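Undergrad: Just a sequence and a predicted model for now, questions to come.
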Amino acid sequence: MADLASRISKPEEGAAPQVDDPTEGANSVGIVENAYDVEVKLADLQNDAESPLFSVQSFEQLGLPKAINDGLLAMNFKKPSKIQERALPLMISDPPTNMIAQSQSGTGKTAAFVLTCLARVDLAKPQQPQALLLAPSRELARQIQGVVQTIGQFCENLIVQAAIPGEVSRETGVRASIVVGTPGTVMDLIRRRQFDVSQLKLLVIDEADNMLDQQGLGEQCVRVKTLLPKTIQILLFSATFPDNVHRFAQQFAPKANEIKLRHTELTVKGISQMYMDCPDEGQKYDVLCKLYGLMTIGSSVIFVRTRESANEIQRRMEADGHKVSALHGAFEGQNRDALLDDFRSGRSKVLITTNVLARGIDVSSVSMVINYDIPMKGPGAGVPDYETYLHRIGRTGRFGRVGVSISFVCDRRSYEALSDIANHYGIDLVQLSPDDWDLTEKHVQDVIKSSRARPDYAPNALGN
Ligand SMILES: Nc1ncnc2c1ncn2[C@@H]1O[C@H](COP(=O)(O)OP(=O)(O)OP(=O)(O)O)[C@@H](O)[C@H]1O
C-alpha cells in the first residue's frame, strides 16, 4: 500500500455521532466444490471425525423427511456446501450435541441450522415453541424466518414467527414451533409470559461471536439461556470467532462439537479486495460520486460509521441526482423493512448503511461493498475492527459469486487501520487511485462483469 504518512485529516467536530453496531436487539448459481477441508473437533473423542458418518455428500444421505428435501429442491439446493456437509450430520444426530461452527460469509450456514430446526421440531404441536433462533438485528431475524419458511414450505403445520418489535400481538403471544428473534424482544416476551419456553429443544445463535461478546447482547443471551430447559441443544454459528469469544462460547455451549477455520482461511477468495487512496476526508464524497456508475452495475452497499454520515451522504447524493437509499438504527422497524425489501428486489440499487447491516444480510445481487469509513472499535474507536471488516465485505461474493470491496483511506489513521486488517488476514489489497479513473474502472469492471469465480477458486468451500 502507498505511503499516506503526510495525509492527516482533522478530527471530526460537533455532537457525538450516532453509531450503529450490528447488535440491536434465492437461489444460487454457486458451484459446490468441496476441495478444502476443515478442522472438526468432536465433543466425544471416541468418535472418528473422518468417519463417513460425519460427512454427507448429498442432502438425501441425511435421511430428512421428504417434505424438507422437497423444500431444498424448490430452493434449487442441489448439493450441500462444506459447512452443511460437515455440520449437519453432527447436529441432527442423537443424542443432541451442542455445536460451535465457523465458516466464511455466504457459505450456507443459515440452511445448516435451519435444517437442524426443521429436523427436530414435532409438527404435531405446531403452536408449541420448540426451536428458538436468535440474531443481532431485526433484518437478519426476518431473513432467517424467510429461509425457514422457504425450506419448510412443504412441512404441513409448520408455523414460524418472528419475535422482533411489532410482530407479536400482546393478546396471542408466541404461537409457533420455530421462533426467530432478537434477544431483547425475546427476553421481554418470556418475562411477560407471552412465550412458553418450557418445551424448547433447540437454541441457535447466529453471528454468535457478536451476540456473546457485546456487553448488551452477551448479557441478554446469557439471561435468555438461564430461562430455557437445561437439556437444550445449543448451536452457535459465525464467520468469525475471535479467541476470547470462542472461549466464552465453549462455556455457553458446553461439550460442543466444533468446526473451525484457520485464521488465514477466513476471507472469501471470490471477493476482490481493493482500496481507494483518497486525497483527504472531504474528497471521499467526490470519489464516491465518481464510482456511482460502477456501483449500479449490480447492487452496492456503502458502509459508514455513523447514522449522521449515512443521512448526509444520502442527502448530498440525492441532491446531485443519484438514486440511493439509507438504512440505519434510527429508522422505525417497518420503515427499515420496506427499505431492505426495496433493496432486495432491486428497486433501489445503492444502500448506505451502518454496521447494523454488516452481518448476515444475504442479497445475492450485491457486487460491490464500499467501506466509506474503515470499521473501528474499542474506546474512542481506536482499534481496527477486523471482524466487522470481514462481515461487511462478505455482503458480496455470496455462495461462489464474485464481488468487489473498496475501502476508502484518506489519512494516516485510516491507512494504518486498513494495513492492520490486511496483515491480520494476510490479504493483498489492490490499490486504486482517484487520479487514474480509467484504470479504476477497469479493475472494478473486470471483476464485476465476470460472471464466474476465478478458476482457482473453489466456491463455497470452507478454507478456500
Ligand atoms: N447447498 C446450497 N446450494 C445452493 N445455494 C445455497 C446452498 N446453501 C446456501 N445457499 C445460498 O447461499 C447464500 C448464502 O447463504 P447464507 O446466507 O446462509 O450464508 P452464511 O454462511 O450464513 O453467511 P454470513 O456469514 O454472511 O451470514 C444464500 O443465498 C443461500 O440461499
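TA: Good, I have the coordinates.

Undergrad: Low-confidence ranges, this protein, go.
TA: Residue ranges of the chain with pLDDT under 70: 1-38, 43-55, 214-216, 451-464.

Undergrad: roughly how far apart are the residue nearest the centre of the chain and residue 370?
TA: Residue closest to the average C-alpha location in the chain (CA atoms, centre = their mean): residue 360, at 1.9 Å. In this view, residue 360 and residue 370 are 19 Å apart by CB to CB, to the nearest Å. Backbone N, C-alpha and C define where each C-beta goes, glycine included.

Undergrad: what's the closest non-adjacent residue to residue 370?
TA: Nearest non-adjacent residue to residue 370, counting by CB to CB, 6 or more residues apart in numbering: residue 302, 4.5 Å away.

Undergrad: Could you see whether the ligand lies near the strand or helix carrying the one you found?
TA: Element membership of residue 302 [criterion: DSSP states H and E] is strand 299-303. No: applying CB under 6 Å from any ligand atom, one finds strand 299-303 separated from the ligand by no less than 12.2 Å.

Undergrad: With stretch 351-367 instead?
TA: Yes: contact between stretch 351-367 and the ligand, assessed by CB under 6 Å from any ligand atom, occurs at 360, 362, 364.

Undergrad: And for stretch 75-91?
TA: Yes: for stretch 75-91 and the ligand, the contact criterion (CB under 6 Å from any ligand atom) is met by 77, 79, 80, 81, 84.

Undergrad: Return the residues of the stretch 201-350 of the chain in contact with the ligand.
TA: Applying CB under 6 Å from any ligand atom, we find that the stretch 201-350 of the chain lies next to the ligand at residue 239.

Undergrad: from the stretch 201-350 of the chain, which residue is nearest to the ligand?
TA: In the stretch 201-350 of the chain, the residue that lies nearest the ligand is residue 239 (4.0 Å; CB to the nearest ligand atom).

Undergrad: Quick check: residue 108 vs residue 206, distance?
TA: Distance from residue 108 to residue 206, by CB to CB: 13 Å.

Undergrad: Kindly report the same for residue 75.
TA: 18 Å.

Undergrad: if we can go back for a sec, correct me if wrong: the residue of the stretch 201-350 of the chain closest to the ligand contacts residue 104.
TA: Yes: between residue 239 and residue 104 there is a contact at 5.5 Å, judged by CB atoms under 8 Å.

Undergrad: What residues does the stretch 1-150 of the chain have near the ligand?
TA: Near the ligand, when you scan the stretch 1-150 of the chain using CB under 6 Å from any ligand atom, you find 26, 28, 30, 77, 79-81, 84, 103, 105-111.

Undergrad: When residue 75 and residue 206 are compared, which one has more neighbours?
TA: Set residue 75 next to residue 206 and count neighbours by other CB atoms under 10 Å: residue 206 wins out with 24 against 16.

Undergrad: Can you report how many residues lie near the closest residue to that one other than its chain neighbours?
TA: Nearest non-adjacent residue to residue 206, counting by CB to CB, 6+ apart: residue 135, 4.8 Å away. When neighbours are counted by other CB under 10 Å, residue 135 registers 28.

Undergrad: quick one, phi psi at residue 135?
TA: Dihedral pair for residue 135: phi -140, psi 160, per degrees, to the nearest 10.

Undergrad: show me what contacts it?
TA: 141, 144, 180, 181, 182, 206, 207, 211, 360 (CB atoms under 8 Å, 6 or more residues apart in numbering).

Undergrad: Just give me the closest of these to residue 126.
TA: residue 180 (15.6 Å; CB to CB).

Undergrad: can you tell me if the strand or helix carrying the closest one touches the ligand.
TA: In the assignment (DSSP H and E), residue 180 maps to strand 178-181. No: applying CB under 6 Å from any ligand atom, one finds strand 178-181 separated from the ligand by no less than 13.5 Å.

Undergrad: Beyond that strand, next helix or strand please.
TA: Trace forward from strand 178-181 with DSSP H and E and the next one is helix 183-191.

Undergrad: list the helices and strands that following helix packs on?
TA: Where contact means 3 or more CB pairs under 8 Å, 6 or more residues apart in numbering; DSSP states H and E, helix 183-191 is packed against strand 131-134, strand 160-163, helix 215-226.

Undergrad: Show me what counts as buried in that helix.
TA: For helix 183-191, a neighbour-count test (16 or more other CB atoms under 10 Å) marks 183, 184, 185, 186, 187, 188, 189, 190 as buried.

Undergrad: Residue 219 is in contact with the second one, correct?
TA: No: using CB under 8 Å, residue 184 and residue 219 do not qualify as a contacting pair, with a distance of 10.6 Å.

Undergrad: Would you agree residue 382 is in contact with residue 417?
TA: No: between residue 382 and residue 417 there is no contact, the gap being 9.1 Å when judged by CB under 8 Å.

Undergrad: shared neighbours of these two, which are they?
TA: In contact with both residue 382 and residue 417: residue 376, using CB under 8 Å, 6+ apart.

Undergrad: And the two? Which one has more around it.
TA: More crowded of residue 382 and residue 417, by other CB under 10 Å: residue 417, with 24 against 10.

Undergrad: coming back round to it: against which helices or strands is the strand holding residue 180 packed?
TA: strand 131-134, helix 138-151, strand 160-163.

Undergrad: before we move on, the earlier item: so of the residues of stretch 75-91 next to the ligand, which ones are in helices?
TA: Among those, the members falling in helices (DSSP state H) are residue 84.

Undergrad: Only whichever of the residues of stretch 75-91 next to the ligand are buried, select them in ChimeraX.
TA: To isolate the buried subset of the residues of stretch 75-91 next to the ligand in ChimeraX, counting by 16+ other CB under 10 Å, use the following:
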select :77,79,80,81,84
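
Undergrad: can you redo the residues of stretch 75-91 next to the ligand as a markdown table with distance to residue 277?
TA: A markdown table is the format used below for the residues of stretch 75-91 next to the ligand (distance: CB to CB, whole Å):
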| residue | distance to residue 277 |
| --- | --- |
| 77 | 41 |
| 79 | 41 |
| 80 | 42 |
| 81 | 36 |
| 84 | 40 |
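
Undergrad: now, which of the residues of stretch 75-91 next to the ligand sits nearest the ligand?
TA: Taking CB to the nearest ligand atom as the measure, the ligand lies nearest residue 77 of the residues of stretch 75-91 next to the ligand, at 3.8 Å.

Undergrad: quick revisit: just the C-alphas of the strand holding residue 302, formatted as CSV.
TA: Extracted C-alpha coordinates of strand 299-303, given in CSV (Å, rounded to 0.1, in the frame of the first residue of the first chain):
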residue,chain,number,x,y,z
SER,A,299,-26.2,-3.6,-6.3
SER,A,300,-23.9,-1.9,-3.8
VAL,A,301,-23.7,-1.4,-0.1
ILE,A,302,-21.9,1.6,1.3
PHE,A,303,-20.8,1.3,4.9
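
Undergrad: Mind listing the strands it pairs with, and their directions?
TA: Using DSSP bridges, strand 299-303 pairs in its sheet with strand 350-353 (parallel), strand 366-371 (parallel).

Undergrad: Output those strands as CSV; include the columns mean neighbour count.
TA: Output for the strands paired with strand 299-303, formatted as CSV (neighbours: other CB atoms under 10 Å):
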stretch, mean neighbour count
strand 350-353, 25
strand 366-371, 25
